[in-house]
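A.B. asks: Give me the fold of what follows.
(chains A and B)
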Amino acid sequence: MISNQEIENNLKQHFGASILSVAEPFGMLTIDITAEAVLPIMEHLFNHPEYRVQFLTDLCAVHYPDNTGSELAVVYHLHSLENNFRLRLKAYTSAQLSVMPSVTPLYKTANWMERETYDFYGIVFSGHPNLKRILNIDEMDYFPLRKEYTLEDPTRRDKVDKMFGR
Amino acid sequence: MNDLNVAFNTQKPTPNNVQLLESDGALTTLNLGPTHPATHGVFQNIIQMDGEKIVSGETTIGYIHRAFEKLAERRPFYQITPLTDRLNYCSSPINNMGWHMTVEKLLQIEVPKRAQYMRVIMMELARIADHLICNSILGVDTGAYTGFLYVFQQRESIYEIFEEICGTRLTTNMGRVGGMERDMNERAIAKLKKFLNEFPVVLREFESMFNRNRIFIDRTKGVGGISAESALNYGFTGPNLRAAGVDYDVRAMNPYSSYEDFEFEIPIAENGDTFDRFMVRGQEMWQSLRIIEQALAKMPNDGFQASEQHYVLPEKKKVYESMEALIYHFKIIMGEIDAPEGEVYHSVEGGNGELGYYLISDGGRTPYRLHFRRPCFIYYQAYPEMVIGSQLSDAIVTLSSMNVIAGELDA
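C.D. replies: As a prediction, the model looks like this:
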């Protein structure tokens, strides 16, 4: 059984400069990293003889509009099936730039996940073989899951937070 | 009577005709979907064919995209459960329970054992229903309609049990954060016991129709295979991965809802082809039955809901009788109670594989971000690679055996 501490130390030793912060919400090792380090860290974990983190469980993005300069986070959930160890990597990019390296060279499964993320957040994954919209229509000219697009009709007054004492 | 004798061509095909039947290098484009009986759902495959052979395939999805992830950002946790129903609508209870468990993890609510066992029973029933549909539809696609009609009677029995538990059949909205909405009544237990008696007989008959059937084996063995390595790289989970020989099952690897209390095996196969997927699903139904029997026999009696007033919806009966229950009911329904801040990933073994929920809460009444890891969406991208080089009819049985559910595909 590999401990979170062990992976953390190993990554800090190899990629010290790229690791921004480390947390453990609900027991899952969560590491904030720089965008450039995404592929090297994943390759390192993939090829490590002991860790063998070779399964990309999930890839999605989160929009933090208040986080100026790094508004968009791409979240990778990785899993080492042999050691039953899960970890989460978060890499940030700005809303203006919104570019992230593609992990498709390492994981074929990232293909559609990255397309979905592009579709909803407009993050361009450089190196992706076929980056185009997947769930929404091709003609769409905005990225709907970004926080500036509020869900409901802004003229409606019956669901305003103020009504609930907020 | 002479006019009834229709003349037919007894001549041998001319060289000209033969030329037409052979490949002349020109490709045919075939649209399989969006509404095609073989896709069993709304998605499109644009297939390039050289005669009967598939040369390339492109998939288009998103026809029933309903923006669940965006909708969830404006909904209190209770109102998200009905959204999860509509992911894999063949096994809604698994989606519901997975969502409840994610929220419980965030709120750190301990659910009583009885509720956990009830959930296990419901999830395993849902798994049986899901696998039954997939396997029997595969029969239909290979030309055996009988099995499909026969086992649907059993699926009906499962839905009747769901109806006793939660009042609905397909989109169940079953259970609540913190447990179940009500205890199992006697009718539900009677129906469950009846099902446990009847189903093995039916499943055995269903298996005797397919498992060693020469025609079925010829149509499915070696069709649409995928290697374990490739399957892992494509993010396969669930029966499709286990058919390729990897024994990854969330129930065993990261047990939730007391799965560690039960004895069950994880069936695997080795070739990852259509026949193996069929067999793995078949065997999993037996294992699900085993789990249900154990859960029913060992059912504890410590209540069906956690005693966490702030988050757990009170029983409806109490709402009408007690002031306190009415207050909490109102507060929870109107979303007046905030969830703590946090970032949770929780996954359950859905009918098709690892169904994950990635929930970020910023301390409000709705999720800040909710992402569903939908197994169908992830493994369906391997489909073109799996069918290239095979014939059209093989592509159809491959699609059927992968159990691609449009609701889960598009979210």
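
A.B. asks: beta partners of residue 58?
C.D. replies: Here I'm looking at chain A. Beta-bridge pairing of A:D58 under DSSP bridges involves A:H77.

A.B. asks: that's the wrong chain, I wanted chain B
C.D. replies: Taking DSSP bridges, one finds B:I46 as the beta-bridge partners of B:E58.

A.B. asks: check contacts around it.
C.D. replies: Taking C-beta atoms under 8 Å, 6 or more residues apart in numbering or on different chains, we find B:E58 in contact with B:N45, B:I46, B:I47, B:P384. (Glycine included, C-beta is placed from N, CA and C.)

A.B. asks: redo that, cut-off 10 Å
C.D. replies: Contact analysis of B:E58 by C-beta atoms under 10 Å, 6 or more residues apart in numbering or on different chains lists A:N130, B:Q44, B:N45, B:I46, B:I47, B:Q48, B:P384.

A.B. asks: got it, and B:T366?
C.D. replies: Contact analysis of B:T366 by C-beta under 10 Å, 6+ apart lists A:L151, B:A72, B:E73, B:R74, B:R75, B:P76, B:F77, B:Q79, B:I80, B:G335, B:D338, B:A339.

A.B. asks: so which strand or helix has A:Q13?
C.D. replies: Under DSSP states H and E, the secondary-structure element containing A:Q13 is helix A:4-15.

A.B. asks: For that helix, list the C-alpha coordinates in PDB.
C.D. replies: Provided in PDB are the C-alpha atoms of helix A:4-15 (Å, rounded to 0.1, in the frame of the first residue of the first chain):
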ATOM      1  CA  ASN A   4       0.000   9.700   0.000                       C
ATOM      2  CA  GLN A   5       3.200  11.000   1.800                       C
ATOM      3  CA  GLU A   6       5.400   8.700  -0.300                       C
ATOM      4  CA  ILE A   7       4.000   9.900  -3.600                       C
ATOM      5  CA  GLU A   8       4.100  13.500  -2.500                       C
ATOM      6  CA  ASN A   9       7.800  13.200  -1.500                       C
ATOM      7  CA  ASN A  10       8.700  11.500  -4.700                       C
ATOM      8  CA  LEU A  11       7.000  14.100  -6.800                       C
ATOM      9  CA  LYS A  12       8.500  16.900  -4.800                       C
ATOM     10  CA  GLN A  13      11.900  15.400  -5.300                       C
ATOM     11  CA  HIS A  14      11.600  15.100  -9.100                       C
ATOM     12  CA  PHE A  15       9.300  18.100  -9.900                       C
END
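
A.B. asks: residues near the closest residue to chain B within chain A, how many?
C.D. replies: Closest approach between chain A and chain B, counting by C-beta to the nearest C-beta: A:T109, at 3.2 Å. Neighbourhood size, A:T109 [other C-beta atoms under 10 Å in any protein chain shown]: 25.

A.B. asks: I'd say it and A:L56 touch.
C.D. replies: Yes - with contact defined as C-beta atoms under 10 Å, A:T109 reaches A:L56; the gap is 5.5 Å.

A.B. asks: List the residues that are in contact with both of these two.
C.D. replies: Joint contacts of A:T109 and A:L56 (C-beta under 10 Å, 6+ apart) are A:V103, B:L232, B:N233, B:Y234, B:G235, B:I378.
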